[in-house]
Every structure is written in C-alpha cells, then in structure tokens.
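> build me a model:
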Amino acid sequence: MQKIILFMFLVIYIISVVGNVFIMITITASPLLRPPMYFFLARPSFIDACYSSINTPQLITDSLHEKRTIRFNGCMTQVFGEHFFGGAEVILLTVMAYDCSVAICKPLHYTSIMSQHLCRLLVVVSWVGGILHATIQILFIVQLPFCGPNIIDHFMCDLNPLLSLACTDTHILGLFVAASSGFICLLNFFLLLISYVAIVHSLKNHSLEGRLKALSTCASHIMVVVLVFVPCLTVYMRPAATLPFDKEVTVFYTMITPC
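Model (predicted):
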C-alpha cells in the first residue's frame, strides 16, 4: 500500500507542479494572453504549484518509512503555508468569478471596468488576505501547550489535529477555527454564488449558442470551486475534531484540485 501511495501521489505532484509552471510560462511569454482572465489565471497556477509543495513532498517521503515524524517548527511552517496559499487562492477564485461575471454581463464595458490597476489591486488584496489569515492561525496555535501525546491522525499538520493534542481546554479555540477558517470559506462562497446568480440572470437574454459558450467558459472554474469549497466547508465549518474521513477530504483540495 505504501508503494502504491508513493507512486500515485508522486505522479499527481509532478503533473501539478509541471502543469502549473507551464501555464505560468505560457501566459507570461505570449503577448496574446494579456486579458484579465489570463492575468488572474497565472496567479492561481503559481499558488497551486506552491500549495501542492507544502504537504505532498512530506507525504511522499513518509510513504518510504515506517516511522513518520515531523519537527515542531516544520509542523508550524506547514500550518502557515497551507492557510497562506489556501486563503489567497480562495479569494482569487472569488475575484475570477467576478471577472467572469463582468465579461458575460457587461461585455462592452469589460475592458474599462477590469483595468490593469483594478486587476493588480485585487491580486494584492488576495495576497494580503492570505497573509492575514495565516498569521492569525499561527499566532494562536503556536502558543498552545503541547505536552503529549504527539501523534497526529493525519498526513499533515492542520488546526483540528493539533487542537486534539493540546494539553488544555480547546473548546473555545475550536469555535475560533470555525469562525476564522470556516468564515473565510463561507464568505467567499456566498460572493461566488452572487457572481454566478448574476451570470445566470444575464444569460436569459442570450441565444442558446451564447449560453453554451458562457457556461463552457465558466465550467472549469465551477469545477475547481466545488473541489475547493465543499471539502473546506466540510472540514472547517463544524466543531473541532479529527474525523476518519478528514484525510480523504483534505486530499481533494490539497492535491487533486491543484492537479
């Protein structure tokens, strides 16, 4: 089983990193790919390449050994990296939904609304949001007293598995996790829904061919949104606890989605 896991996730990791790097190179090198849609597409590709590199190499390495360990500093680095890149990607997916809704609902005003200045500002907002979100998580988790046991029932360090190891009452902290990590997912999910409701409402006035073209443009984005938000809401919008299916759910938004 360890050899199967090693091969499977190694292939997924290589495809994810190489594929996202090629997307970035293609968009950067081609003068034809200058519209905001491609500008935004290059940023999640960079995030996905980095995000998949936080946990997957550790998982691949662990599959080679019977005893799987990680140092405290490495564990805290994983927590910060997951929530930094994860928070930035969640915000960027919302920005891309807004870009898509402007392109479909107001095509004649698209270039004036989605100016370079606004695009850069939205990207900066996503990075700042990711940094703030990750900093808040790490500041409260790093101060917890960990006095044993030190076994995590997970393939990576995350908030809920670490809360179960703390030698203190973590009920309030569990609510904080749902209020912070869960809230950022839920808020951006509602903003995404607003964008897609606007798109669906706008498509009523289009021909069948126009509707199909618009939906095909948004199809891949919708797929990624489902693969990211449904697992995130499942993990973080509930009381803090490590459930048996958490590992399978986490695989989706940490490995499958970037791939």
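
> now for I5, how many residues are close by?
Other residues near I5 number 14, with proximity taken as other Cβ atoms under 10 Å. Placement of C-beta: from N, CA and C, glycine included.

> 20 is where my numbering starts, stick with that
Shifting the count to begin at 20 puts that one at I24.

> which element, helix or strand, includes it?
Taking DSSP states H and E as the criterion, I24 maps to helix 21-48.

> in the helix or strand just after that helix, what's buried?
Using DSSP H and E, the helix or strand that follows helix 21-48 in sequence is helix 55-81. Neighbour-count burial for helix 55-81, counted by 16 or more other Cβ atoms under 10 Å, picks out 55-56, 58-75, 77-79, 81.

> how far is helix 55-81 from where the chain is centred?
9 Å (Cα atoms, centre = their mean, to the nearest Å).

> so what secondary structure elements neighbour the following helix or strand past it?
Next helix or strand after helix 55-81 toward the C-terminus (DSSP H and E): helix 91-124. Counting contacts by 3 or more Cβ pairs under 8 Å, 6 or more residues apart in numbering; DSSP states H and E, helix 91-124 packs against helix 55-81, helix 129-132, helix 135-160, helix 178-182, helix 202-221, helix 227-255.

> highest average neighbour count across the ones you listed?
Across the helices and strands packed on helix 91-124, averaging neighbours per residue (mean count of other Cβ atoms under 10 Å) puts helix 178-182 on top, at a mean of 22.

> by contact count, what packs against the helix or strand that that one is followed by?
Scanning forward in sequence from helix 178-182 by DSSP H and E, the next helix or strand is helix 190-196. If you count contacts as 3+ Cβ pairs under 8 Å, 6+ apart, helix 190-196 packs onto helix 178-182.

> output the helix it packs on as PDB, nothing but the C-alphas.
Provided in PDB are the C-alpha atoms of helix 178-182 (Å, rounded to 0.1, in the frame of the first residue of the first chain):
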ATOM      1  CA  LEU A 178      -5.600  23.100  13.000                       C
ATOM      2  CA  ASN A 179      -8.000  20.400  14.100                       C
ATOM      3  CA  PRO A 180      -5.500  17.600  14.500                       C
ATOM      4  CA  LEU A 181      -3.200  19.900  16.500                       C
ATOM      5  CA  LEU A 182      -6.000  21.100  18.800                       C
END
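
> and P50, backbone torsions?
Backbone geometry at P50, expressed as degrees, to the nearest 10, gives phi -70, psi -10.

> mind pulling up the pLDDT for it?
On pLDDT, P50 comes in at 75.

> tell me how many other residues crowd it.
5.

> from one end of stretch 121-138 to the other, what's the distance?
End-to-end span of stretch 121-138 (Cα to Cα, to the nearest Å): 13 Å.

> any idea of the mean pLDDT for that stretch?
84.

> ok, stretch 180-189 next?
80.

> name the residues that touch it?
94, 98, 160, 163-173, 192-193, 196, 259-261, 265 (Cβ atoms under 8 Å, 6 or more residues apart in numbering).

> and stretch 192-208, by the same measure?
With Cβ under 8 Å, 6+ apart, stretch 192-208 has contacts from 102, 106, 109-110, 112-113, 148, 152, 155-156, 159, 163, 178-179, 182, 185, 244, 248, 251-252, 255-260.

> mind redoing it with 6 Å?
109, 113, 152, 155, 178, 182, 248, 251-252, 255-256, 258-259 (Cβ atoms under 6 Å, 6 or more residues apart in numbering).

> span of that stretch from start to end?
Where stretch 192-208 begins and where it ends lie 23 Å apart, using Cα to Cα.

> from the chain's centre, how far out does that stretch sit?
Between the centre of stretch 192-208 and the centre of its chain there are 14 Å (Cα atoms, centre = their mean).
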